[in-house]
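Q: Any chance you could fold what I've pasted below:
(one chain, ligands or ions: 2)
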Amino acid sequence: MSKLIAPSVLAADFANLQRDVEMINRSEADWFHIDIMDGVFVPNISFGMPVLRDIVKHATKTIDCHLMIVDPDRYVETFAQLGCNILTVHYEACTHLHRTLQLIKSHGMKAGVALNPHTSIDLLKDVIQDIDMVCLMSVNPGFGGQSFIENTYDKVTRLKEMITAKGCVTLIEIDGGVTDKNARQLVDAGADVLVAGSYVFKSANQEVTIKSLRSLANS
Ligand code: DX5
Ligand code: ZN
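A: Ligands and ions are numbered 1, 2, ... in the order given. Predicted structure coming up:
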């Protein structure tokens with residue numbers, strides 16, 4: 001399977017959101033990565049349902065929604081109705097993770113689990129077969145534009161081994177500080193999906209940046 005690029009809309013220009021969504025549509029990007037933050041689970045508030053609704057109205061690609069919120073079960077149905085295709089919840093925010101994953105799937109979405117940088121991948125050993133995608137946070141969640149945490153390579157390698165050993169098809173997504181400097185090494189370690197916010201949106205030619213990141217990941 002091709003390695004996928006998911007630009008993070010968090011780094012877009014919100015005053016020109018339709019323009020930036022259409023740029024992603026035109027580009028070689030595979031998914032839209034949408035970061036929802038509640039100001040409780042993480043020390044930042046991004047945007048909520050009305051903005052997501054308008055993004056989905058214009059987006060023509062898979063909607064990969066990353067919830068950085070407490071008690072995500074309360075909103076699973078709403079995110080399904082809004083058109084999310086993949087819904088990722090944080091391990092650290094779910095007391096009954098298995099139940100949450102079943103709830104997400106019962107609403108027709110793929111179920112993702114995100115791990116903070118300090119959270120061990122070993123904690124997923126008994127539930128990995130129920131997870132469609134693991135999102136390894138390579139920065140502390142809450143903000144775009146942070147530096148990549150190097151320990152992530154080792155986590156990807158060990159997670160990939162776990163997935164292979166269990167015979168699962170779970171995807172590995174990397175979120176935070178992804179650039180042309182680490183993309184290749186992440187893919188070599190076993191990553192399937194690379195999220196990139198600042199690296200794409202702060203570049204001079206965003207479509208070209210997406211194209212070259214995708215080629216690098218698939219070279
Ligand atoms: C951080 C978010 C990321 C963020 C990535 O909490 O989950 O998706 O937008 O941004 P960059 O690529 O700038 O680190
Ligand atoms: Zn994210």
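Q: And the helices in the chain?
A: Taking DSSP state H as the criterion, the chain contains helices spanning 17-26, 49-58, 76-81, 97-106, 152-165, 183-189, 198-201, 206-217.
Q: Report the rounded mean pLDDT for the shortest one.
A: Averaged over helix 198-201, pLDDT sits at 98.
Q: so what does it touch, helix or strand wise?
A: Secondary-structure packing of helix 198-201 (3 or more CB pairs under 8 Å, 6 or more residues apart in numbering; DSSP states H and E): helix 206-217. (Each C-beta comes from the backbone N, C-alpha and C, glycine too.)
Q: Looks like Pro7 contacts Ile34 (just checking).
A: No - using CB atoms under 8 Å, Pro7 is not in contact with Ile34, being 10.2 Å away.
Q: for stretch 189-206, which positions count as buried?
A: 189-201, 203, 206 (16 or more other CB atoms under 10 Å).
Q: So between Pro7 and Ile34, which is more surrounded?
A: Legend: neighbour count by other CB atoms under 10 Å for Pro7 and Ile34, higher for Pro7 (29 against 26).
Q: So which bits of the chain are right by ligand 2?
A: Residues of the chain lying near ligand 2 by CB under 5 Å from the ion: Asp35, His66, Asp175.
Q: In JSON lines, list those along with distance to Arg184.
A: Below are those laid out as JSON lines (distance: CB to CB, whole Å):
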{"residue": "Asp35", "distance to Arg184": "24"}
{"residue": "His66", "distance to Arg184": "23"}
{"residue": "Asp175", "distance to Arg184": "17"}
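Q: Indicate the residue of this structure located nearest to ligand 1.
A: Residue nearest to ligand 1 within the chain (CB to the nearest ligand atom): Gly197, separated by 2.9 Å.
Q: pLDDT value on Met1, please?
A: On pLDDT, Met1 comes in at 86.
Q: Next up, the contacts around the nearest residue to it once chain neighbours are set aside.
A: Distances taken as CB to CB, 6 or more residues apart in numbering put Asp192 closest to Met1, at 7.0 Å, once the chain neighbours are dropped. By CB atoms under 8 Å, 6 or more residues apart in numbering, the residues touching Asp192 are Met1, Lys3, Leu4, Met133, Leu171, Ile172, Glu173.
Q: Packed most tightly, which of the helices of the chain would that be?
A: With neighbours defined by mean count of other CB atoms under 10 Å, none of the helices of the chain is more surrounded on average than helix 198-201, at a mean of 22.
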